[in-house]
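*Asks:* Give me the fold of what follows.
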Amino acid sequence: GAILIGAFLVVVGVAGSRRRAVWNPVPQDITCAQLADNGFGTNSHVRLTDFYLCDFAYVYEENLTVWRKAWVPAVPRGGTVNLAAEAVPPSERGQTDLLPGRDIRVIVLLPKARSHKDIELEAKKEVLQGTIGSAARMFNSETKELMEENYPGLDYNNCYLLTVGVNATSEKQNAITTAVGVLLVAIGFFLTMREWRKSRENEWQTVKR
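*Replies:* Residues are numbered from 1 along each chain as shown. Down below sits the predicted model:
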C-alpha cells in the first residue's frame, strides 16, 4: 500500500512540475480558434476569448444527485458549429447532431458547475480564465467512454482541456508531494524486504529442525 500510494504521489508531483514549467502567473489572451489551431505556446495560463460554449452538448459527473463537475466543448465563435447551433431553436439543439467529434478541439472543464444553469452562465461570459492541459491525460476511463459515445470521432490527442479557475500547483507543493512519495516508496520497500526476510528465516528454521 505504501509503495502504491508513494508511486502515485511521485507521478502527481512530477506531473505538477511539468505543468508548472509552462505556466506563468500572468495569463495570455488567446482566441478559441488560435488555441485549437496552434496550441497555447509557452504559457498554459490563458484567458480564452471568441468562443462559443456548446451548452447543448456536455458531459457532467455527479455524486448521487449532486453535480461535481462538467465538461463542455468550446468552438470558435462565428464558426460552422456556432452558426449551425444558432440556426436551431435552443429547445431543439440537444436533439440535433450539431457537434461531430472531429470538430471538438477545445473542452472546458467547469469544476464548480452544479447545474445546467451554471453552464449557461459560463456560456454568456466573454472570457474564461484557467489552465490548459492535455485532454488525453485528464479523463478517467468512464468519462472517456461517455464522451466518445456522445461525440463519435473525438480525438483526445488532438484536443486541449481548459480547467476554469484552477491554477498550476507551486514548485514547493510539487517538491513536497514528490518527496513524500519517494519516502513512502522507500518505507514500503523496507517493510516488504523485512517481511520477506522473516518468511525466509521461518523456512530456514524449518529446514534446520
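
*Asks:* low pLDDT regions in this protein?
*Replies:* Counting by pLDDT under 70, the low-confidence segments of the chain come to 12-22, 95-96, 136-139, 166-171, 174, 202-209.

*Asks:* at 50 what do you get?
*Replies:* Along the chain, the model assigns pLDDT under 50 to no residue.

*Asks:* Which stretches in it count as strands?
*Replies:* Assigned by DSSP state E, the chain shows strands spanning 28-31, 45-49, 51-53, 59-63, 66-76, 106-110, 128-134, 160-164.

*Asks:* and the longest helix seen in the chain, how far out from the chain's middle?
*Replies:* Looking across the chain with DSSP state H, the single longest helix is helix 171-208. Relative to its chain's centre, helix 171-208 lies at 32 Å (C-alpha atoms, centre = their mean, to the nearest Å).

*Asks:* likewise stretch 55-74?
*Replies:* Per C-alpha atoms, centre = their mean, the centroid offset for stretch 55-74 relative to its chain is 13 Å.

*Asks:* Ends of it, what's the gap?
*Replies:* 9 Å (C-alpha to C-alpha, to the nearest Å).

*Asks:* buried set for it?
*Replies:* Going by neighbour count (16 or more other C-beta atoms under 10 Å), the buried part of stretch 55-74 is 55-60, 67, 69-74. C-betas here are computed from N, CA, C, even on glycine.

*Asks:* Could you single out the nearest of those residues to residue 172?
*Replies:* Nearest to residue 172 among those is residue 69, at 26.4 Å by C-beta to C-beta.

*Asks:* And the buried residues of stretch 55-74, which is closest to residue 26?
*Replies:* Distances from residue 26 to these, taken by C-beta to C-beta, are shortest for residue 74, at 22.1 Å.

*Asks:* Surely the closest one and residue 58 touch.
*Replies:* No - counting by C-beta atoms under 8 Å, residue 74 does not reach residue 58; the two are 10.3 Å apart.

*Asks:* residue contacts, residue 48?
*Replies:* 30, 31, 32, 35, 74, 106, 108, 127, 128, 129, 130, 162 (C-beta atoms under 8 Å, 6 or more residues apart in numbering).

*Asks:* Can you give me every residue that contacts the closest residue in space to the second one that isn't next to it in sequence?
*Replies:* Spatially, and ignoring its direct neighbours in sequence, residue 31 is nearest to residue 50 (4.1 Å; C-beta to C-beta, 6 or more residues apart in numbering). When the contact criterion is C-beta under 8 Å, 6+ apart, the partners of residue 50 are 31, 32, 33, 76, 77, 78.
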